[in-house]
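Student: take a look and give me a structure for this.
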Amino acid sequence: MTSSSSPTETDPQLAGAQAVVRAFWSRVDALGADPKRSLDELTSVARGQTLETWRELLTQRRRQAHRQVGRTSIVSSEASRSGGKVTVDTCIDVSKTSLVDEDGKSVVAVNRAPRVRYTSVVERGTNGKYYVVQDTAVETC
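Tutor: Now for the predicted structure:
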């Protein structure tokens, strides 16, 4: 996974939020590529709506015998704080990823946008770790 990020490394909370978003996409890639891996691995990077949504999506892909090929790249990432919440806007590049069926044929729509901006809400757990608790695909980027 490649990434570039805004200079939030001076703020540990914003840097922690960006780091967990990077880890989240890496984990989604790994779980999408290997159907034998436990979806419980998501609990190390996600909670709430995000955990349930991605667990359901990955389960559906597995039932359909679809697996991911390739890795998501982070093009840009910017963290900010507002109203006590940390939000990370991330532009991901999925142009080098595909979902394939049992025969290795792509099931991705030919008109899929190569880049998508996600807005993620990140919270710090009582254990001190950061978790993505909400994520929304906002627009292309």
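Student: just the helices in this structure please.
Tutor: 12-33, 48-63 (DSSP state H).
Student: which elements pack onto the longest one?
Tutor: Just to be clear, that refers to helix 12-33. helix 48-63, strand 67-69, strand 73-82, strand 85-93, strand 115-124, strand 130-140 (3 or more Cβ pairs under 8 Å, 6 or more residues apart in numbering; DSSP states H and E). All C-beta atoms are positioned from the backbone trio N, CA, C, and that covers glycine.
Student: and those as CSV, adding mean neighbour count?
Tutor: Shown next, in CSV, are the helices and strands packed on helix 12-33 (neighbours: other Cβ atoms under 10 Å):
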stretch, mean neighbour count
helix 48-63, 15
strand 67-69, 18
strand 73-82, 17
strand 85-93, 21
strand 115-124, 18
strand 130-140, 17
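Student: low-confidence ranges, this protein, go.
Tutor: For the chain, the stretches with pLDDT under 70 are 1-9.
Student: can I get the helices of the chain in JSON lines with distance to residue 99?
Tutor: Conversion of the helices of the chain to JSON lines gives the following (distance: least, Cβ to Cβ, whole Å):
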{"stretch": "helix 12-33", "distance to residue 99": "8"}
{"stretch": "helix 48-63", "distance to residue 99": "7"}
